[in-house]
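Q: missing the sequence, but the structure's below:
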């Protein structure tokens with residue numbers, strides 16, 4: 001408590017003028033970044049060193065860090081300014097973000113794949129390829145939850161299964177979500193900031209194609225080696241069940257979500273409503289309403305037995321909801337400081353990704369965004385570097401298109417480097433462990449990711465940014 005009080009007094013003493021002119025990042029103290037950094041470090045460290053404490057109290061821990069921003073801000077600038085800051089974060093970013101997560105999670109949870117499958121290298125590649133494609137349209141979490149259990153059942157008789165799950169995390173839980181804003185939260189945040197839906201599809205297609213082709217090729221070689229080593233044991237099927245897809249109508253809801261998001265990107269009625277100083281555009285209200293309605297219809301129509309087979313529950317969504325409420329609120333001063341560029345207190349990061357003339361170094365944007373996405377969370381990391389580069393979507397999509405591509409690729413692709421880089425990573429690991437797969441430790445997983453992915457990322461750097 002004494003530490004918190006000291007921090008409060010220091011922030012008040014050093015930073016009182018920092019936000020007086022619409023978040024003047026040029027005069028803001030770096031101490032305002034502490035609550036945001038605290039949440040991200042808690043996400044990264046607590047699950048490794050105090051998993052039980054984190055599991056039971058992550059909401060409280062996030063709330064404490066959030067108060068570390070709210071209370072000093074309230075004392076410095078008053079309730080009105082605070083309400084505007086919080087309203088902007090919640091109404092423009094958090095609520096649309098959570099509606100998308102909720103909708104994709106709900107609809108994908110209503111689809112169940114059943115059938116006897118033999119875990120041959122060919123079949124495994126097909127499943128990974130399908131998952132990589134689906135991830136861009138039903139989200140990395142949705143695609144991962146849909147396919148991980150059928151993949152594990154297909155390979156239940158194999159002795160060597162760790163590599164199968166690891167490559168599944170690489171492709172389905174991360175890389176595959178790069179084609180549309182529906183695929184991965186960072187790209188959806190970019191969409192909310194004004195990045196066109198079709199810009200993402202056009203510019204991320206070749207990086208996705210190259211990366212997935214190489215990683216799938218490496219997987220096929222490794223899986224073929226282990227398959228031959230195991231002999232015929234992998235061909236044994238304990239129970240023959242015809243292949244079927246239950247809850248197929250949910251694919252129509254997924255298509256409806258894509259259409260709803262597309263319409264909101266093209267339809268500009270120039271009608272908006274202002275709430276606590278935050279303008280809410282009609283097309284965004286329409287998009288969120290479509291997503292919610294389709295998700296609720298799916299929830300109503302999906303038979304209970306499908307949810308039971310998928311072990312469907314709300315815990316993953318609730319965890320994301322609690323964590324990102326704090327992230328979106330505490331990130332406000334970070335974005336303001338970065339927007340100040342070389343004049344702000346985070347000029348060191350600015351100088352690393354810009355040359356002496358102030359022009360962005362795209363290769364550095366790719367690796368810096370990627371490195372932080374791997375060890376923190378790729379959604380807020382994307383937002384930080386998006387604002388650092390310009391913050392203006394139109395400028396980024398045109399004059400700084402390679403820079404926006406670097407930020408997009410880094411945040412999506414390098415979330416696969418660690419278990420904590422993207423939310424589905426740990427979810428897949430937990431499901432695999434429950435199925436009897438002896439999954440590697442945090443650093444054991446990184447041995448795979450460094451050996452397989454880093455050479456691919458170096459190649460991408462040469463192709464797209466040098």
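A: Everything's here; your move. Since the model is a prediction, treat every value here as computed from it, not as a measurement. Residues are numbered from 1 along each chain as shown.

Q: Every contact and neighbour count from this point should use C-alpha atoms.
A: Noted.

Q: residue ranges of the helices in the stretch 251-400 of the chain, please?
A: 282-301, 304-309, 315-330, 332-339, 347-352, 362-375, 378-389, 393-397 (DSSP state H, counting those that start in this stretch).

Q: Quick one: closest of those to residue 93.
A: Proximity to residue 93, assessed across these by Cα to Cα, is greatest for helix 315-330 (7.3 Å).

Q: what's that closest one packed up against?
A: helix 34-49, helix 51-89, helix 95-108 (3 or more Cα pairs under 8 Å, 6 or more residues apart in numbering; DSSP states H and E).

Q: okay, the ones you listed in TSV with distance to residue 154 and mean pLDDT next?
A: Output for the helices and strands packed on helix 315-330, formatted as TSV (distance: least, Cα to Cα, whole Å; pLDDT from 0 to 100):
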stretch	distance to residue 154	mean pLDDT
helix 34-49	30	83
helix 51-89	31	87
helix 95-108	20	86
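
Q: so of the ones you listed, which one's packed in deepest?
A: helix 95-108 (a mean of 23; mean count of other Cα atoms under 10 Å).

Q: what lines up beside whatever helix or strand comes next after it in the sheet?
A: Counting by DSSP states H and E, the element after helix 95-108 in chain order, helix or strand, is strand 112-114. Within its sheet, and counting by DSSP bridges, strand 112-114 is paired with strand 244-246 (antiparallel).

Q: Next, the buried residues of the partner strand.
A: Neighbour counts over strand 244-246 (16 or more other Cα atoms under 10 Å) mark residue 246 as buried.

Q: So for it, mean pLDDT?
A: Taken as a whole, strand 244-246 has an average pLDDT of 87.

Q: same deal with stretch 370-390?
A: 83.

Q: now do the same end-to-end measure for it.
A: Using Cα to Cα, to the nearest Å, the end-to-end distance of stretch 370-390 comes out at 18 Å.

Q: ok, now how distant is the residue nearest the centre of the chain from residue 154?
A: Central residue of the chain (Cα atoms, centre = their mean): residue 185, 4.1 Å from the mean position. For residue 185, the distance to residue 154 equals 30 Å [Cα to Cα].

Q: who's in contact with residue 273?
A: 279-282 (Cα atoms under 8 Å, 6 or more residues apart in numbering).

Q: Find me the pLDDT at it, would you?
A: 88.

Q: Report the beta-bridge partners for it.
A: residue 280.

Q: related to what we said a few turns ago, just give the nearest non-adjacent residue to the residue nearest to the centre of the chain, would you?
A: residue 379 (5.6 Å; Cα to Cα, 6 or more residues apart in numbering).

Q: so where's this structure uncertain?
A: 1-25, 232-240, 341, 376-377 (pLDDT under 70).

Q: ok so, going back, the residue nearest to the centre of the chain against residue 98, yeah?
A: No. Look at residue 185 against residue 98 with Cα atoms under 8 Å: they stay out of range, at 9.6 Å.

Q: what about stretch 448-456, distance to the chain center?
A: Going by Cα atoms, centre = their mean, to the nearest Å, the spacing between the C-alpha centre of stretch 448-456 and its chain's C-alpha centre is 20 Å.

Q: Pull the residues that contact it.
A: Identification of contacts with stretch 448-456 by Cα under 8 Å, 6+ apart yields 166, 170, 211, 214-215, 218, 416-418.

Q: Just among the residues you listed, which is most surrounded?
A: Counting neighbours by other Cα atoms under 10 Å, the top entry in the contacts of stretch 448-456 is residue 416, with 32 neighbours.

Q: quick one: it from residue 423, how far?
A: 10 Å.

Q: Disregarding residues adjacent in the polypeptide, which is nearest to residue 143?
A: Nearest one to residue 143, counting by Cα to Cα, 6+ apart, is residue 135 at 5.1 Å.

Q: Give me the packing partners of the host helix or strand of residue 426, helices and strands only.
A: According to DSSP H and E, residue 426 maps onto helix 423-434. In terms of contacts (3+ Cα pairs under 8 Å, 6+ apart), helix 423-434 is packed against helix 121-154, helix 162-171.

Q: I'd like those laid out as CSV, including distance to residue 229.
A: Below are the helices and strands packed on helix 423-434 laid out as CSV (distance: least, Cα to Cα, whole Å):
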stretch, distance to residue 229
helix 121-154, 12
helix 162-171, 14
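
Q: which stretch among those comes nearest residue 260?
A: Per Cα to Cα, nearest to residue 260 of the helices and strands packed on helix 423-434: helix 121-154, 12.5 Å.

Q: Contacts for the helix or strand that residue 186 is a member of, please.
A: Using DSSP H and E, residue 186 sits in helix 185-192. Residues outside helix 185-192 that contact it (Cα under 8 Å, 6+ apart) are 92-93, 97, 178, 180-182, 197, 200, 378-383, 386, 393, 408, 411-412.

Q: ok, now stretch 389-399?
A: 190, 193-195, 199, 339, 360, 401, 403-404.

Q: roughly how far is it from the heart of the chain?
A: Offset of stretch 389-399 from its chain centre (Cα atoms, centre = their mean): 21 Å.

Q: before we move on, what about stretch 335-355?
A: Its chain's average C-alpha position is 24 Å from that of stretch 335-355, according to Cα atoms, centre = their mean.

Q: try stretch 365-377
A: Here the centre of stretch 365-377 is set off from its chain's centre by 12 Å, with Cα atoms, centre = their mean.

Q: again with stretch 35-46
A: Using Cα atoms, centre = their mean, the offset of stretch 35-46 from its chain centre is 16 Å.

Q: Run through who's touching it.
A: Counting by Cα under 8 Å, 6+ apart, 53-54, 61-62, 65-66, 68-69, 323, 326-327, 330-331, 334, 375-377, 420 sit against stretch 35-46.

Q: any chance of the helices and strands packed on helix 315-330 in TSV, with distance to residue 452 too?
A: Listed next are these as TSV, based on distance: least, Cα to Cα, whole Å:
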stretch	distance to residue 452
helix 34-49	22
helix 51-89	28
helix 95-108	29
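
Q: State the pair within the contacts of stretch 389-399 that is farthest apart.
A: Longest span within these, Cα to Cα: 199 and 339, 23.5 Å.

Q: With neighbour numbers in mind, choose between these two.
A: Between residue 199 and residue 339, counting by other Cα under 10 Å, residue 339 is the more crowded of the two (25 against 17).
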